[in-house]
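> Structure for this input, please:
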Amino acid sequence: MTSTELAIFTDIFLAVEYPLYAHLAPGQQFGDNMSRQAILEQTHAGMEAAPKQKQEVEDFKAAFSRIVLNVDTRVVTFTFKGRQSASRWINWRMPFASKLLTLVDYDGKRERARTTHEMVQLDYYEFTTSVRKGDVSSRGMHWLLTQTFGLQVQEMTHPETGKKGLNDKEWIIIVKGAGCPQKLRETAYIEVDKAAVMIHHHTINVNWPCASCHSPEHPTRYCKTPVAELAQRKQLFDLRVQGPLPSTTGYGVDMLKKGSLPTTLVQLDTMLKQGAYPERLSTSNKREGHVKPRTSV
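Take a look at the predicted model:
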């Protein structure tokens, strides 16, 4: 076998292998370039585990051939000798650094997605935004994420708050990308127009950013930043966006009042494609508590 044939054979051999993936839990932090041994040391059942559980973990370690931890995407990849070998461990909850991480067959999901068009989480990043001051519509939030950060927004939904229904001050955002965009990762608090938005990377951090210094690394109750240094500390995580939100230029949710909503599918289609709401009926801003929309930028 020549060196060329050996190289091709190696690629073919690796192509036969089958990967399973696990996402790190919020709060789990690891350094770059961890060795195989260092990663394996994090994979254990614990002293109090039953003998059967400990044996299952040992069987799992013997089953996979390679293991890689990507700290940017926060994904652990386990490669098995073949699809049949990997099938036993699909959806198994693996003990990793005191957390249980579910092994996911994303390659299988991608195959099914060709016909079902389901979203493959491995290719997207999810985070939460919350309005802390002023009013921001869904259109305004979409504008902020796409124009300021250049994100490709895949989905925006308001989280449910139990019996109270939807929380219209928060959004769960899904954007295209395997990991968190760097500019977004460095930002915790955004000021735009007369509004302010807080960003919570809920797949990375357990708690919301500190309300005092805006650091995403600790909650408010553990903030140790001196009062005199708070303003300087905030500059590391704050971003000021220039320009008005769409909601203040006549295209916000406050423009959608009774009588100005679409009544036909044609009107709805026109509004969605043109990105413009119908003119608002004459109402008293003072009575309804709204600020008169701006007519020019």
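> Report the central residue of the chain.
E126 (1.4 Å; C-alpha atoms, centre = their mean).
> which strands and helices sit next to the helix or strand containing L20?
For L20, the host element (DSSP states H and E) is strand 18-23. If contacts are counted by 3 or more C-beta pairs under 8 Å, 6 or more residues apart in numbering; DSSP states H and E, strand 18-23 sits against strand 75-80, helix 83-87, strand 99-102, helix 106-116. (Glycine included, C-beta is placed from N, CA and C.)
> Switch those over to TSV; also include mean pLDDT, mean neighbour count and distance to G31.
Listed next are these as TSV, based on pLDDT from 0 to 100; neighbours: other C-beta atoms under 10 Å; distance: least, C-beta to C-beta, whole Å:
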stretch	mean pLDDT	mean neighbour count	distance to G31
strand 75-80	94	20	14
helix 83-87	90	15	27
strand 99-102	94	15	17
helix 106-116	89	13	25
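> pLDDT weak spots in the stretch 151-297 of the chain?
The model of the stretch 151-297 of the chain has pLDDT under 70 over residues 247-262, 271-297.
> And the strands in it, which stretches?
For the stretch 151-297 of the chain, the strands defined by DSSP state E, counting those that start in this stretch occupy 153-157, 170-176, 189-192, 195-200, 238-241.
> For L40, grab phi and psi.
phi -60, psi -30 (degrees, to the nearest 10).
> Setting aside sequence neighbours, what's the nearest residue to it?
K61 (6.6 Å; C-beta to C-beta, 6 or more residues apart in numbering).
> who's in contact with the closest residue to E217 other than its chain neighbours?
In space, E217 comes closest to N205 once its chain neighbours are excluded; the distance is 7.3 Å by C-beta to C-beta, 6+ apart. For N205, the contact set (C-beta atoms under 8 Å, 6 or more residues apart in numbering) comprises 26-27, 216-217.
> swap the cut-off to 10 Å and go again
26-27, 29, 127, 188, 215-219 (C-beta atoms under 10 Å, 6 or more residues apart in numbering).
> Out of those residues, which two sit at the greatest distance?
The span of the contacts of N205, defined through C-beta to C-beta, is set by F127 and H218 at 17.8 Å.
> more neighbours, these two?
F127 (21 against 16; other C-beta atoms under 10 Å).
> Secondary structure class of the residue nearest to L40, three-state.
helix (DSSP: H, G, I helix; E, B strand; the rest coil).
> my guess is it contacts F80, does it?
No - at 11.7 Å, K61 and F80 do not qualify as touching, with contact defined as C-beta atoms under 10 Å.
> beta partners for the residue nearest to the centre of the chain?
With DSSP bridges as the criterion, E126 is bridged to I174.
> pretty sure it contacts L151?
No - with contacts defined as C-beta under 10 Å, E126 does not count as touching L151, sitting 11.9 Å away.
> and for these two, which residues touch both?
173, 175.
> Distance of G27 relative to R114?
The gap separating G27 from R114 is 35 Å, by C-beta to C-beta, to the nearest Å.
> Apart from its chain neighbours, what residue comes closest to R112?
That would be E118: by C-beta to C-beta, 6+ apart, it lies 6.5 Å from R112.
> next one: T43
For T43, the closest residue by C-beta to C-beta, 6+ apart turns out to be F96, at 5.6 Å.
> tell me the contacts of the one you found?
So F96 contacts 22, 24-25, 28, 39, 42-44, 69, 76 (C-beta under 10 Å, 6+ apart).
> Run through the bridge partners of it.
Beta-bridge partners, per DSSP bridges, of F96: K99.
> Equivalent analysis for F78, please.
According to DSSP bridges, beta-bridge pairing links F78 with L20, I67.
> Enumerate every residue touching T225.
210, 212-215, 218, 232-234.
> Kindly recompute the last result at 6 Å.
Shown in contact with T225 (C-beta atoms under 6 Å, 6 or more residues apart in numbering): 213, 233.
> mind pulling up the phi and psi values for it?
phi -70, psi 130.
> Next, work out how far apart it and K194 are.
Distance from T225 to K194, by C-beta to C-beta: 26 Å.
> do the same with V266
V266 sits 35 Å away from K194, going by C-beta to C-beta.
> Neighbour count: the two, which is higher?
Using other C-beta under 10 Å as the criterion, V266 and K194 rank with K194 on top: 13 against 9.
> Could you measure from the more buried one over to R132?
12 Å.
> Contact partners for G31?
So G31 contacts nothing (C-beta under 6 Å, 6+ apart).
> Okay then, goodbye and thanks.
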